[in-house]
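K.L.:
Need a 3D model of the following:
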Amino acid sequence: MPYHYGKIADADAYHTARLNVGWAGDDAAKTAALIRASSWIDATYLTPCSGDEGSRDAATGGIRGRRRQQEE
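P.N.:
Numbering: from 1, shown residues only. Now for the predicted structure:
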């Protein structure tokens, strides 16, 4: 299961309210867009902490941190 912030239905409502016709495609394409956006948010706004690579995400609840916590 892919990990991303938000839900497709919420993104659909957001883009519909703004008359954005560029938000189109099947659920797989929309999921891929949400994953890319979530990765960008993580890379832009999360600051590294000391420790292993996943520690910053685990500390802030980022996508990769949640995935690691679920695997443990």
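K.L.:
so what does the longest helix along the chain touch, helix or strand wise?
P.N.:
The longest helix of the chain (DSSP state H) is helix 27-45. Using 3 or more CB pairs under 8 Å, 6 or more residues apart in numbering; DSSP states H and E as the contact definition, the elements that helix 27-45 packs against are helix 8-17, helix 63-71. Bear in mind the C-beta positions are built from the backbone N, C-alpha and C, glycine included.
K.L.:
now the angle from that helix to helix 8-17?
P.N.:
Inter-element angle recorded for helix 27-45 and helix 8-17: 90 degrees (by axes from the mean of the first three to the mean of the last three CA atoms, to 10 degrees).
K.L.:
Going by neighbour count, which residues of helix 27-45 are buried?
P.N.:
Of all the residues in helix 27-45, those buried under the rule 16 or more other CB atoms under 10 Å are Lys30, Thr31, Leu34, Ser38, Ser39, Asp42.
K.L.:
Give the burial count for the residue nearest to the fourth one when sequence neighbours are not counted, as a bare number.
P.N.:
Residue nearest to Ser38 in three dimensions, not counting chain neighbours: His4, with 4.2 Å by CB to CB, 6 or more residues apart in numbering. His4 sits with 20 neighbouring residues when counted by other CB atoms under 10 Å.
K.L.:
now the one 3 residues further on
P.N.:
A total of 11 residues lie near Lys7 under the criterion other CB under 10 Å.
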